[in-house]
Structure formats: C-alpha cells, structure tokens
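Asks: 3D model of this:
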Amino acid sequence: QVQLVESGGGLVQAGGSLRLSCAASGRIFSINVMAWYRQAPGKQRELVASITSGGSTNYADSLKDRFTISRDNAKNTVYLQMNSLKPEDTAVYYCNAQILPSVLTMAYRDYWGQGTQVTVSS
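Replies: Below is the predicted model:
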C-alpha cells in the first residue's frame, strides 16, 4: 500500500513564506511525476506545479515567479517552496504522485495525499 503524507501547511501573513513537504511511503518501485495541486473553497482543483524524476518542472503560469517545486528521489519526497504569499493562495494543497508499486505493475498509478491547509491572512 502506498501513502502520501503532506506537511508544512498553516497560517501565514501576506508576504510570508511556507514550505510544504510530501513523503511517499509503502510499496514503491518507481515514482514518475510528482506534483502539487490546490483547491480553494468553491473552486476546482488546479495544478500548481509538477516535477519529473529527472527534475524537469512545470508551473501554473501565475505562480512560477513565487513558487518552487523540488524533490529528493532518495527520500521519495517532493517539496513546494511558496514565497510572497497572497490571500488568494489560500487553499487546501494536495500532493500527487504517479507511482509504480511493483516491477510487475503494468502502469503507473495516481496517488493523492490527504491535503494540507494553507491560509494566508491579509
């Protein structure tokens, strides 16, 4: 069984920074893309950033100047550094990973963390 556990969310004032972490554990043979999504109240879940096992990154256009995604493949962990936070960044942030649980598994499977709340006060 695979688990993704996020940490690092919380309450921060506008202009502040937070660093989210997401560690994958359990039966893992390989991890392809890891990503962060967010969902604000009343809105659809949206992609924040993604990173491949080789380190290639992709960002939502509106966030690329303030957010940085990184990962530690040895620790099966992905990070999201968020700077210059704004009240509109308030959302639940979810970790996502494409994981191959076993060499016998035919395709990567999508896994999600439980989400971590980020609240930015004005």
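Asks: got the contact list for the most centrally placed residue in the chain?
Replies: Residue closest to the mean C-alpha point of the chain, counted by C-alpha atoms, centre = their mean, is residue 36 at 2.7 Å. Neighbour list for residue 36: 20, 22, 47-50, 69, 78, 80, 93-96 [criterion: C-beta atoms under 8 Å, 6 or more residues apart in numbering]. For every residue, glycine as well, the C-beta is placed using N, CA and C.
Asks: report the buried members of those residues.
Replies: Neighbour counting by 16 or more other C-beta atoms under 10 Å classes 20, 22, 48, 49, 50, 69, 78, 80, 93, 94, 95, 96 among those as buried.
Asks: I'd say the fourth one and residue 60 touch.
Replies: Yes - proximity of residue 49 to residue 60 meets the contact threshold set by C-beta atoms under 8 Å, at 6.9 Å.
Asks: pretty sure the residue nearest to the centre of the chain belongs to a strand, no?
Replies: Yes - if the criterion is DSSP: H, G, I helix; E, B strand; the rest coil, then residue 36 is within a strand.
Asks: bridged to it, which residues?
Replies: Per DSSP bridges, the residues bridged to residue 36 are residue 49, residue 95.
Asks: and it, how far from residue 107?
Replies: From residue 36 across to residue 107, the span is 22 Å (C-beta to C-beta, to the nearest Å).
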